[in-house]
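*Asks:* model this:
(one chain, ligands or ions: 2)
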Amino acid sequence: MRYWSGLKMKFSSALVSLRLLLQLCIRTVHDISASLFSTVWYWTPGVCRGASVVSTADREVDQKEVQNVMTPTSVNYHFTRKCNYKCGFCFHTAKTSFVLPLEEAKRGLKLLKESGMEKINFSGGEPFLHDKGEFLGKLVQFCKQDLQLPSVSIVSNGSMIKEKWFQKYGDDLDILAISCDSFDEATNQLIGRTQGRKSHIENLHKIRSWCQQYKVAFKINSVINTFNVDEDMTENILQLNPVRWKVFQCLLIDGENAGEAALREAERFVISEQMFQEFLERHSSVSCLVPESNEKMRNSYLILDEYMRFLDCREGRKDPSKSILDVGVKEAIRFSGFDEKMFLKRGGKYVWSKADMRLEW
Ligand SMILES: C[S@@+](CC[C@H](N)C(=O)[O-])C[C@H]1O[C@@H](n2cnc3c(N)ncnc32)[C@H](O)[C@@H]1O
Ligand code: SF4
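*Replies:* Ligands and ions are numbered 1, 2, ... in the order given. Take a look at the predicted model:
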């Protein structure tokens, strides 16, 4: 009897030890697998780093590193920030007076062409201001004749354009967009879309007729804001008959037209999404209208500043990349914040070569 109870005790203590051993094994296996799992958790393609050494900032950079390589199909080059107007909502302000030497600007444009650029748009500031439009003219000529770009365009306030410019460079220009936010001169004065007492609207009509004469596609850009949101522009737009009427919802950019460091304070110009929709509905009969809400605008443009740095607007400010002149297009474009899908969604790709348009008025 004593023999059997001793055997039973030995057997049950062996069982307890076995269970403890088993638990120990399970915990060890669990610990090993947990540490292995956490090592591969942050294992991003091509970047060999364990969880313990990867900071949040590093992960953000890694995310940018694994983004697809982008093609700069359509680029907006703001080669100058200087302007003769004072539009109160302007989101590209005169923070510097720098303009690249002509040959450097041409070198950058050639790099872009080699990376797949098909369309260049020259903007600013006011692009006709520097060297009385000669700098701009030479870039337009270079892009069309030397780089053979399918589309060369300009966006301007129109106030500095002379007929002589069309005679010299008009052949090489596909599209000229003139900004006009109101067909009421008093509203233009309030916005700051004017210089002295010159009539912005008369000028718009004059440029339209030069576009017709020199066979350049004529486009209009309007920024919808608190001063013009109730206007009905249908009749005026139909009369001017542009190939495209871009209608922007006034956008705020920190450091440009909002925030402490900004040169403009555009908060009083901002309208709601609903107000913007009502404006669009009022103009639904205008078939050339292309609307651009804040959401569509923010990351659907490839913007190059005066140093040829891409500007990333995703965080609501303009964060610059390195210059394409220093690091090349492929490296700089990774920090452009450009969303190719949004670019296509907003209709960024369209018939943009005048050779493919029927320019009839
Ligand atoms: C910065 S401007 C430069 C070219 C030229 N000075 C002009 O006004 O057309 C380029 C375009 O951006 C538009 N724009 C300026 N500020 C804006 C804002 N806050 N929201 C939306 N569009 C804006 C202008 O009306 C213009 O059509
Ligand atoms: S939006 Fe007005 S202030 Fe800004 S660059 Fe154009 S014309 Fe000049």
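
*Asks:* isn't Phe166 right next to Lys215, touching?
*Replies:* No: counting by Cβ atoms under 8 Å, Phe166 does not reach Lys215; the two are 9.5 Å apart. (Glycine included, C-beta is placed from N, CA and C.)

*Asks:* those two: which has the busier surroundings?
*Replies:* Each of Phe166 and Lys215 has its neighbours counted (other Cβ atoms under 10 Å); Phe166 has more, 20 against 14.

*Asks:* surely the more buried one is within a helix?
*Replies:* Yes: judged by DSSP: H, G, I helix; E, B strand; the rest coil, Phe166 forms part of a helix.

*Asks:* how about the helices in this structure?
*Replies:* Counting by DSSP state H, the chain has helices at residues 2-41, 56-65, 102-114, 134-141, 163-169, 185-191, 200-213, 234-240, 273-282, 294-298, 324-327, 329-333, 340-345.

*Asks:* which of these has the lowest average pLDDT?
*Replies:* Lowest mean pLDDT within the helices of the chain: helix 56-65, at a mean of 40.

*Asks:* and stretch 188-202, does that touch ligand 1?
*Replies:* No: shown here: stretch 188-202 not in contact with ligand 1 (Cβ under 6 Å from any ligand atom), separated by at least 7.7 Å.

*Asks:* quick one: end-to-end distance for that stretch.
*Replies:* 12 Å (Cα to Cα, to the nearest Å).

*Asks:* ok, residues contacting that stretch?
*Replies:* 84-90, 157-159, 179-183, 185, 225, 227-228, 269 (Cβ atoms under 8 Å, 6 or more residues apart in numbering).

*Asks:* which bits of the stretch 201-350 of the chain sit near ligand 1?
*Replies:* Checking the stretch 201-350 of the chain against ligand 1 by Cβ under 6 Å from any ligand atom, the hits are 221, 223, 248, 250-251, 257, 266.

*Asks:* just the residues you listed: which are in strands?
*Replies:* 221, 223, 248 (DSSP state E).

*Asks:* now the terminal residues of stretch 111-123, how far apart.
*Replies:* 19 Å.

*Asks:* understood, closing this out.
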